[in-house]
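Chemist: I would like to see how this sequence folds:
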Amino acid sequence: MRYPDYTETNSGLQYKDLRVGSGPIPKIGEIVVVDWDGYTIGYYGRIFEARNKTKGGSFEGDDKDFYKFRVGSQEVIPAFEEAISGMAPGGIRRIIVPPELGYPENDYNKKGPRPTTFSGQRALDFVLRNQGLIDKTLLFDIELIKIVPNGSG
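Modeler: Below you'll find the model as predicted:
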């Protein structure tokens, strides 16, 4: 399904920048630190991860509860990798993820990002495990917090 006001890439990923960041964009091999929301838009719009939950505390290390991954490592779903590639720090991008760019069908716990709560994991599992004809399209809001240069982190 094509959504108005979204840019569609060759892979079928649709995205819209909610806030454009500034600075360099991530390069392969660099670690990115992101915050994200996830929704099962194809199935009742259930949220399975929320960015606005409390993060860390004043005595905890930097980025303790943000999600980190190395660009190009294939540790995240293809849509996440593609979406982050054109973003700059401070940017927020909303992406609509068709099933083929989402979690692998038979091994979806192998790729990130994963929900951080039990209820969020259950909501996502329900949709991904369902063998019926339900729509497995997902929506993510991704905020690029920072890029960790090669060699550090």
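Chemist: distance of the closest residue in space to residue 117 that isn't next to it in sequence relative to residue 100?
Modeler: Nearest residue to residue 117, sequence neighbours excluded (C-beta to C-beta, 6 or more residues apart in numbering): residue 49, at 7.7 Å. Yep, even glycine has a C-beta here, placed from its N, CA and C like the rest. According to C-beta to C-beta, to the nearest Å, residue 49 stands 21 Å off from residue 100.
Chemist: more neighbours: these two, which one.
Modeler: Neighbour totals were compared for residue 49 and residue 100, and residue 49 leads with 22 against 13 (other C-beta atoms under 10 Å).
Chemist: low-confidence ranges, this structure, go.
Modeler: 53-64, 108, 151-153 (pLDDT under 70).
Chemist: switch to 90 and redo it
Modeler: 1-4, 41-46, 50-66, 104-110, 116, 126, 128-135, 149-153 (pLDDT under 90).
Chemist: for the longest helix along it, name the packing helices and strands.
Modeler: Counting residues, the longest helix in the chain under DSSP state H turns out to be helix 118-129. Helix 118-129 is packed against strand 31-40, strand 46-49, with contacts defined by 3 or more C-beta pairs under 8 Å, 6 or more residues apart in numbering; DSSP states H and E.
Chemist: between the ones you listed, which gets nearest to residue 96?
Modeler: Ranking those by distance to residue 96, with C-beta to C-beta as the measure, places strand 31-40 first at 9.9 Å.
Chemist: that closest one pairs with which strands?
Modeler: Looking at strand 31-40 with DSSP bridges, its partner strands are strand 46-49 (antiparallel), strand 67-70 (antiparallel), strand 138-148 (antiparallel).
Chemist: residues contacting residue 132?
Modeler: By C-beta atoms under 8 Å, 6 or more residues apart in numbering, the contact list for residue 132 is empty.
Chemist: can I take it that it is in a strand?
Modeler: No: going by DSSP: H, G, I helix; E, B strand; the rest coil, the assignment for residue 132 is coil, not a strand.
Chemist: look up how far residue 21 lies from residue 145.
Modeler: Note on residue 145: its distance to residue 21, by C-beta to C-beta, is 10 Å.
Chemist: which neighbours do these two share?
Modeler: Counting by C-beta under 8 Å, 6+ apart, the shared contacts of residue 145 and residue 21 are residue 89.
Chemist: what's stretch 138-146 in contact with?
Modeler: For stretch 138-146, the external contacting residues (C-beta under 8 Å, 6+ apart) are 18-19, 21, 26, 32-42, 51, 63, 66, 79-80, 83-84, 87-97, 102, 127.
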